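In: Dropping the sequence and predicted coords here.
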Amino acid sequence: QVQLVESGGGLVQAGGSLNLSCATSGGYFASFTMGWFRQAPGKERDFVAGINWNGGSTDYAVSVKGRFTISRNHAKSTVYLQMNSLKPEDTGVYYCAAYFPGSQIPRSAAEYNRWGQGTQVTVSS
């Protein structure tokens, strides 16, 4: 059974940085597309960033492009989201998700097979 566990969330002032981690277990991490999504109170779960199985392709939401970087470490079966120049509108619960099989990077949450429990990110103004 594939399991995902996020960490690294917290409270930060606008302009600050956070680095989220998502550790996976129980599956063949090297074959998964991995995605990060976020959900603000009362809103839908939105795509933030994704990375294909070998890290050769990434995709970002327009709102975070140039500020966030997704990466993966196969030796640690972990995917990361480095978030810089944070804004109050980045506040929400951040979820990592795994998509398999396939090499594309879906933007729809419905296409992902497994989800973590989420980690809260709060950016104060």
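Out: Looks like it came in fine. Note that the structure is predicted; figures quoted are calculated from it, not measured.
In: For the rest of this, base every contact and every neighbour count on C-alpha atoms.
Out: Noted.
In: Relative to Ser124, how far out is the nearest residue to Tyr60 once chain neighbours are set aside?
Out: Once flanking residues are discounted, Tyr60 sits nearest to Ala49: 4.3 Å by Cα to Cα, 6 or more residues apart in numbering. According to Cα to Cα, to the nearest Å, Ala49 and Ser124 sit 22 Å apart.
In: rewinding a little: to the chain's geometric centre, what's the distance from the helix or strand hosting the residue nearest to Tyr60?
Out: Remark: Ala49 resides in strand 45-51, with elements defined by DSSP states H and E. Distance of strand 45-51 from the chain centroid (Cα atoms, centre = their mean, to the nearest Å) equals 6 Å.
In: and the next element down the chain from that strand?
Out: strand 58-60.
In: For Val62, grab the count of nearby residues.
Out: If you count neighbours by other Cα atoms under 10 Å, Val62 ends up with 9.
In: again but with Gly56, I slipped
Out: Every residue meeting other Cα under 10 Å relative to Gly56 is counted, giving 8.
In: and if you look at Ser63?
Out: So Ser63, with other Cα under 10 Å, has 11 neighbours.
In: On the three-state scheme, it is what?
Out: Following DSSP: H, G, I helix; E, B strand; the rest coil, the label given to Ser63 is coil.
In: repeat for the one 3 residues further on
Out: Of the three states, Gly66 takes coil under three-state DSSP.
In: between the strand or helix carrying Leu81 and strand 45-51, how many degrees?
Out: Using DSSP H and E, Leu81 falls within strand 78-83. Per axes from the mean of the first three to the mean of the last three Cα atoms, to 10 degrees, the angle that strand 78-83 makes with strand 45-51 is 110 degrees.
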